[in-house]
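Colleague: Predicted model and sequence follow; I will ask about them next.
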Amino acid sequence: MATLTIRNLDDELKSRLRIRAARNDRSMEEEVRVILQQAVRDTDDTVATRGLGTRIRQRLEKTGGVDLELPERSESPRIPEELE
């Protein structure tokens, strides 16, 4: 395992980090690990690998999700003219 030292951390930021860690029932060190893992995962999981619908669904899942009634299609999908 690697060790990372962060110097010159703002006192306000450190205080907010301590509060956030306490809310999540974690140590400050564990909270920083979680934040870093999420940040790196979010940058690796780009728009190219996830569509807009997937990203919206994932955000809504965090709030309990949303169930929507989908209307039935009355027409078949059409191929755009420039692709014909």
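Modeller: Right, received. Where do you want to start? Residues are numbered from 1 along each chain as shown.

Colleague: Can you list the low-confidence ranges for this protein?
Modeller: Across the chain, the ranges flagged by pLDDT under 70 are 42-49, 84.

Colleague: Could you list the buried residues of the longest helix along it?
Modeller: Assignment by DSSP state H gives helix 28-44 as the longest helix of the chain. Within helix 28-44, the residues scored as buried using 16 or more other Cβ atoms under 10 Å are 31-32. To be clear about C-beta, it is placed using only N, CA and C from the backbone, and glycine gets the same treatment.

Colleague: helices or strands up against that helix?
Modeller: Counting by 3 or more Cβ pairs under 8 Å, 6 or more residues apart in numbering; DSSP states H and E, the packing neighbours recorded for helix 28-44 are helix 11-23.

Colleague: what residues does the helix it packs on touch?
Modeller: Identification of contacts with helix 11-23 by Cβ atoms under 8 Å, 6 or more residues apart in numbering yields 27-28, 30-32.

Colleague: separation between residue 23 and residue 31?
Modeller: Distance of residue 23 to residue 31, given as Cβ to Cβ, to the nearest Å: 9 Å.

Colleague: Tell me how far the next helix or strand after the longest helix of the chain lies from the chain's centre.
Modeller: Using DSSP states H and E, the helix or strand that follows helix 28-44 towards the C-terminus is helix 52-61. Remark: helix 52-61 is offset 9 Å from the chain centroid, using Cα atoms, centre = their mean, to the nearest Å.

Colleague: Could you do stretch 24-35 as well?
Modeller: Between the centre of stretch 24-35 and the centre of its chain there are 17 Å (Cα atoms, centre = their mean).

Colleague: quick one: which of the contacts of helix 11-23 is nearest residue 7?
Modeller: Closest approach to residue 7 among the contacts of helix 11-23 (Cβ to Cβ): residue 32, at 13.9 Å.

Colleague: I'm done for today, thanks for sticking with me.
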